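Visitor: give me the fold of what follows.
(chains A and B)
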2 protein chains.
Amino acid sequence: VGEKKQVLTPAELAGRMVQGDNLALGRVINHLETRDGATAELVRIIHGHTGRAHRIGLTGVPGGGKSTLVDRLTAVFRRAGTTVGIIGVDPSSPFSGGAVLGDRIRMQQHYLDRGVFIRSMATRGNSGGLPRTIGEVADAMDASGKDVILIETVGVGQSELDIIKNVDTVVVVLAPGLGDGIQAMKAGVLEIADIFVINKDDQPGALELTLEINNMVSPARGKTYWNIPVLTTQATANKNIEELHRQIGAHLTALKAASRLEEQRRRQRREHFMQMLEDRVTSGIDGTLRHDAELSGFIEEVATGRIDTYSAVEKVFQSESLFDGLKTRLRSKEI
Amino acid sequence: VGEKKQVLTPAELAGRMVQGDNLALGRVINHLETRDGATAELVRIIHGHTGRAHRIGLTGVPGGGKSTLVDRLTAVFRRAGTTVGIIGVDPSSPFSGGAVLGDRIRMQQHYLDRGVFIRSMATRGNSGGLPRTIGEVADAMDASGKDVILIETVGVGQSELDIIKNVDTVVVVLAPGLGDGIQAMKAGVLEIADIFVINKDDQPGALELTLEINNMVSPARGKTYWNIPVLTTQATANKNIEELHRQIGAHLTALKAASRLEEQRRRQRREHFMQMLEDRVTSGIDGTLRHDAELSGFIEEVATGRIDTYSAVEKVFQSESLFDGLKTRLRSKEI
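Guide: This is a model prediction of the structure:
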């Protein structure tokens, strides 16, 4: 395998991936994550094979049982003959080792199934570019022929919100007894829900939480292309997972009927593009400032407190070498 | 008051703020938040009066009792004659209305105290620039003569991590029974803790959590300028808050003794400057692309899927009008 790995060109690797080879898909994703010499070509090839998969985001507070739900939902998709790509976004706390490992073990019924491809991605040290990379990984899974892509995040930070905005269908998973956690969840996540799931519906407080969410969504009922359902499930007991599966399919049908799927995807592509531009320009600015003697002098002046940031920013923008340096850097082929 | 408001120049307003006028401080902060015509001048004046206050960040999972702890700690500071500025960073979920209001009511013993200035800031719709704005608000409180500034965040997202990095002393507040929440907290937050507080120490699991955190920090004991203490408190009962107050003071002393305070602040000023530069350039790129016919054509090509993002980015960077437009925008005096 070691030798084979070296002789495959990006195009050959992508070719295997497109034919549904999970090993090739895994290696393509490695290239997307490391952003090496093959990344640009791979993204170009992948681009020509995307747009078919249904992208589903599952988000919610920690402790809501999302991982079990993803596991059970995957089983329902598989029984229906649907292939599944799963992206788990891990908060990567030192404390989470056990729990995340546990999540993955829960998923192990699917590890030997070639119709399922599972990938974990760490948020750690990844804040800026992560939503972009996850979008590309989802594209790769799409290009490799996965029918649905499940993206699982913890819905508490801006970075998670940026990820979850870029799917077709957003499932927000809540559970009773996590009140403080729900309060901490970004408003934005609740607002973009297409389906609410109240999991652990056998726990105290489940009814109240269901009513609360129903009250929240009911004013919009009948006024948009889609009436947001509030489902109650119990993932560990496989309760109502078929209904969740049905509603996810119904949402895709509604998106298409309202001609909204293409509209959403246009917006997603636009955002992805602007994000990538901004990332590149930001790193171009960093590089230019650090490597130019005059400009790095400003950093030092600000650091010591001799000049305030506003005045320093204005002075930097008067410099011609900033724009020259930026232009040179951005036109180099580096990613 | 209405007329007075209009005739005060930024310099006059800043002058009152520097003399400790809380009303003027509040109005200065309004200008910092809205980024209007007075902002740049205010930042310049504030800059000349900063560097005296001890900045303390308190972060942790929701439900850990941070707000009560901040309230009790403020009382201890006040008894010692120390003036206090408080910045509460609210996740602003639609669900949090009650809780946050509750937090503020808990703080009400301090509202009539002119030695305390409290300000809530919402994270919502604020992701990119928020850490920068909070830094400026802390500067304003510093310039107005507050001896300590307490910044309270929920330590779960990248944006909160960016905020909490820019203080002198980081207090991470945990509580038993929130295991899943702790797992969701960014590794980065735990790693930058200067003091751990296990609050609600009367609850089941408090001892185990204290041992767990002690095991985490003990390998570093005796190897750095500061041995991270793990305190147990019960904020509602005022238990051990004096000890927290003492340890916060001890940490500042240790920072100074190790000549690390100035070093940390240099790093903070540098980051603040780079952030501001990047924010400005990012919004310059956005504006240029949207207002240039040729460049906005690329956005459209990407949105419809006719071209992949990588190729589009490369083409945009070949355009001269991108750099010309960017230069013009960045050199205009707008903030």
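
Visitor: contacts for the one helix or strand A:S311 maps to?
Guide: Following DSSP states H and E, one finds A:S311 within helix A:309-318. With contacts defined as Cβ atoms under 8 Å, 6 or more residues apart in numbering or on different chains, helix A:309-318 is touched by A:289, A:295, A:298, A:301-302, A:307, A:322, B:39-40, B:43-44, B:47, B:269, B:272-273, B:276-277, B:280, B:327, B:330-331, B:333. Bear in mind the C-beta positions are built from the backbone N, C-alpha and C, glycine included.

Visitor: just the buried residues from those, in PyMOL please.
Guide: The PyMOL command for the buried members of those (criterion: 16 or more other Cβ atoms under 10 Å in any protein chain shown) is given here:
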select buried, (chain A and resi 289+295+298+301+302+307+322) or (chain B and resi 39+40+43+44+47+269+272+273+276+277+280+327+330)
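
Visitor: quick one on the thing from earlier: buried stuff in the helix holding A:S311?
Guide: Neighbour count says helix A:309-318 has A:T309, A:Y310, A:S311, A:A312, A:V313, A:K315, A:V316, A:F317 buried, by 16+ other Cβ under 10 Å.

Visitor: with stretch A:20-32 instead?
Guide: Those would be A:G20, A:D21, A:N22, A:A24, A:L25, A:R27, A:V28, A:I29, A:H31, A:L32, for stretch A:20-32 by 16+ other Cβ under 10 Å.

Visitor: excluding residues flanking it in the chain, which one is nearest A:Q275?
Guide: For A:Q275, ignoring the flanking residues on the chain, the nearest one in space by Cβ to Cβ, 6 or more residues apart in numbering or on different chains is A:R132 at 5.2 Å.

Visitor: mind checking how far A:R221 is from chain B?
Guide: 17 Å (Cβ to the nearest Cβ, to the nearest Å).

Visitor: phi, psi for that residue please.
Guide: Backbone torsions of A:R221, given as degrees, to the nearest 10, read phi -60, psi 130.

Visitor: centre of the chain to the helix ranked longest in chain A, how far?
Guide: Counting residues, the longest helix found in chain A (DSSP state H) is helix A:260-291. Computed by Cα atoms, centre = their mean, to the nearest Å, the separation of helix A:260-291 from the middle of its chain amounts to 15 Å.

Visitor: tell me what it is packed against?
Guide: Contact partners of helix A:260-291 among helices and strands, from 3 or more Cβ pairs under 8 Å, 6 or more residues apart in numbering or on different chains; DSSP states H and E: helix A:130-143, helix A:241-257, helix A:293-304, helix A:320-331, helix B:260-291, helix B:293-304, helix B:309-318.

Visitor: CA atoms only for the first one, dumped as CSV, please.
Guide: What follows is helix A:130-143, C-alpha atoms only, in CSV (Å, rounded to 0.1, in the frame of the first residue of the first chain):
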residue,chain,number,x,y,z
LEU,A,130,-12.8,24.7,9.9
PRO,A,131,-16.3,25.4,8.4
ARG,A,132,-14.6,25.7,5.0
THR,A,133,-12.7,22.4,5.4
ILE,A,134,-15.8,20.6,6.5
GLY,A,135,-17.7,21.9,3.5
GLU,A,136,-14.9,20.5,1.3
VAL,A,137,-15.0,17.1,3.1
ALA,A,138,-18.8,17.0,2.6
ASP,A,139,-18.2,17.7,-1.1
ALA,A,140,-15.7,14.8,-1.2
MET,A,141,-18.2,12.5,0.4
ASP,A,142,-20.8,13.7,-2.1
ALA,A,143,-18.5,13.2,-5.0
